[in-house]
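1. Quick one: sequence plus predicted model below, questions after.
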Amino acid sequence: MKKFAIPTENGKLCSHFGHCQQFAIINVSDNALTHESYLNPPPHEPGLLPTWLGQQGVTNIIAGGIGQKAIQLFKQQNIEVTVGALAKSPKQLVEDFLANDLVSGANACDH
């Protein structure tokens, strides 16, 4: 089973990972979406989200932009990060990922 976390703002991918309104959490089993829920993140603090999402059982992140330090911290939690995704609904992003059609590109926070 995979568990995706997607930072959202107004129901779509938020371009800045650490300042999203909510995280969509989508469970996938046998390449099918099995459950979707939303979690409010804790107050933004550098380095906090990788541990927090790891505690939620997240295995994959789909993001528009995310800092390099956060990517390293997610790797330490054995969480795979995909960056540069387009502002789509979380469900569509996960479906694109599963179909190997997820468009990703430049990290919007690569600074």
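-> Perfect, I can see it now.
2. Find me the pLDDT at the residue of the chain most remote from its centre, would you?
-> Relative to the average C-alpha location in the chain, and by C-alpha atoms, centre = their mean, no residue lies farther out than D30, which sits at 19.5 Å. D30 is assigned a pLDDT of 95 by the prediction.
3. Output the below-cut-off pLDDT ranges for this structure.
-> Confidence mapping of the chain against pLDDT under 70 gives the ranges 106, 108-111.
4. Now S29. Nearest residue, chain neighbours left out?
-> Using C-beta to C-beta, 6 or more residues apart in numbering and skipping the chain neighbours, the partner closest in space to S29 is M1 (4.8 Å). Quick note: C-beta positions are derived from backbone N, CA and C, even for glycine.
5. what's the answer for Q22, then?
-> Leaving aside its chain neighbours, Q22 sits nearest to Y38 (4.6 Å; criterion: C-beta to C-beta, 6+ apart).
6. give me every residue that touches that neighbour.
-> Residues near Y38 by C-beta atoms under 8 Å, 6 or more residues apart in numbering: T8, Q22, F23, A24, I25.
7. do N60 as well
-> With the criterion set at C-beta under 8 Å, 6+ apart, N60 makes contact with K2, K3, F4, A5, I79, E80, V81, T82, F97.
8. so it bridges to which residues?
-> F4, E80 (DSSP bridges).
9. Now do it against L93, distance only.
-> When distances are taken as C-beta to C-beta, to the nearest Å, N60 and L93 turn out to be 10 Å apart.
10. anything in contact with each of these two?
-> When C-beta under 8 Å, 6+ apart defines a contact, the residues bordering N60 and L93 alike are F4.
11. Tell me which residues are up against stretch 98-107.
-> 28, 31, 62, 65-66, 68, 82-86, 93, 96.
12. go again using 6 Å as the cut-off
-> Outside of stretch 98-107, the residues that reach it under the criterion C-beta atoms under 6 Å, 6 or more residues apart in numbering are N31, G65, T82, V83, G84, A85, L86, D96.
13. Return the set of buried residues in that stretch.
-> For stretch 98-107, burial by neighbour count (16 or more other C-beta atoms under 10 Å) applies to L102, S104, N107.
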